[in-house]
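> next come a sequence and a model predicted from it.
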Amino acid sequence: MATSAERVAAALQALGHEPDIRVFGESTRTSADAAAAIGCDVAQIAKSLVFRARGSGRPVLVIASGVNRVDEAAVAAALADRLGGARIERADAGFVRDATGFAIGGVAPVGHATPPHVVIDRDLLALPAIWAAAGTPNSVFALTPDQLVALTGGVVADIAQRRA
C-alpha cells in the first residue's frame, strides 16, 4: 500500500473506523472509473473536490455524489459563518497536493496535511453505502454517509447544481 493510503488507514483507525481499503490495478480517479472498478452506482462515489477560501487560503473540501456537479455559491453559503463570507475558488493541482498531501484523483476525506473546512453533499445521505478515495488514484474504502459526517465533522448542505 502506498504511503498516502497508509496515512488514510491510520487516520481512519485513529477516528475509530476500521479501514477496508481496496486497491485496484486500474484507476479509480474519476467517479465513473471508481464505480466501474467497484461495481456500484456512480451516485455512490463520494468524490472529493478541493477549493481555496479567498483571503485565508484555507482548503475547502467538498465531498459530493459522483453524479452531481457542485454549485460553488452553495458551498460558500454553507460555510458562510466559518469563512466570514469569503468566496471560494477552485484549487490547482499544486495547492491540492500541498494542502491535502494527496494527488488529485486520490483525495481522501481524512488525513489531510492542513485540516480543511468540509462540506458534504446532502444527496449522499440518501444512500446506504458510499465509497471514498483512500489517498491514491486507485484506492477506495467503503463507509456510510453517517460515518462520513462523523469522521469529517463536515457541514451537510444542498450543494448540487439543479437544472431549471
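Received, thanks.
> just give me the neighbour total for residue 130.
By other C-beta atoms under 10 Å, the residues close to residue 130 number 24. Just so you know, the C-beta spots here come from the backbone N, C-alpha and C atoms, and that holds for glycine as well.
> closest to the centroid, which residue in the protein?
Nearest to the geometric centre of the chain sits residue 48, at 2.9 Å (C-alpha atoms, centre = their mean).
> mean confidence for the helix or strand that that residue is a member of?
Per DSSP states H and E, residue 48 falls inside strand 45-53. Throughout strand 45-53, pLDDT has a mean value of 96.
> tell me the strands beside that strand, with direction?
According to DSSP bridges, strand 45-53 forms sheet pairs with strand 59-65 (antiparallel), strand 88-90 (antiparallel), strand 130-133 (parallel).
> now do the buried residues in the following helix or strand past the last one.
Past strand 130-133, further along toward the C-terminus, the next helix or strand under DSSP H and E is strand 139-143. Residues of strand 139-143 classed as buried by neighbour count (16 or more other C-beta atoms under 10 Å): 139-143.
> for those residues, which one is nearest residue 73?
residue 143 (28.0 Å; C-beta to C-beta).
> so that closest one sits right up against residue 132, yeah?
Yes - if you go by C-beta atoms under 8 Å, residue 143 and residue 132 touch, sitting 6.6 Å apart.
> okay, and the beta partners of residue 45?
Following DSSP bridges, residue 45 is listed with bridge partners residue 131.
> now do the contacts for it.
With contact set as C-beta atoms under 8 Å, 6 or more residues apart in numbering, residue 45 has these partners: 31, 34-35, 38, 65-66, 130-132.
> go again with 10 Å.
28, 30-35, 38, 64-67, 124, 130-133, 140 (C-beta atoms under 10 Å, 6 or more residues apart in numbering).
> overlap in contacts, residue 143 and residue 132.
Going by C-beta under 10 Å, 6+ apart, residues that sit against residue 143 and also against residue 132 are 46, 109, 151.
> show me what the lowest-mean-pLDDT helix or strand in the chain is packed against.
Least confident helix or strand, the chain: helix 80-83 with a mean of 84, by mean pLDDT, DSSP states H and E. With contacts taken as 3 or more C-beta pairs under 10 Å, 6 or more residues apart in numbering; DSSP states H and E, helix 80-83 sits against helix 72-78, strand 117-121.
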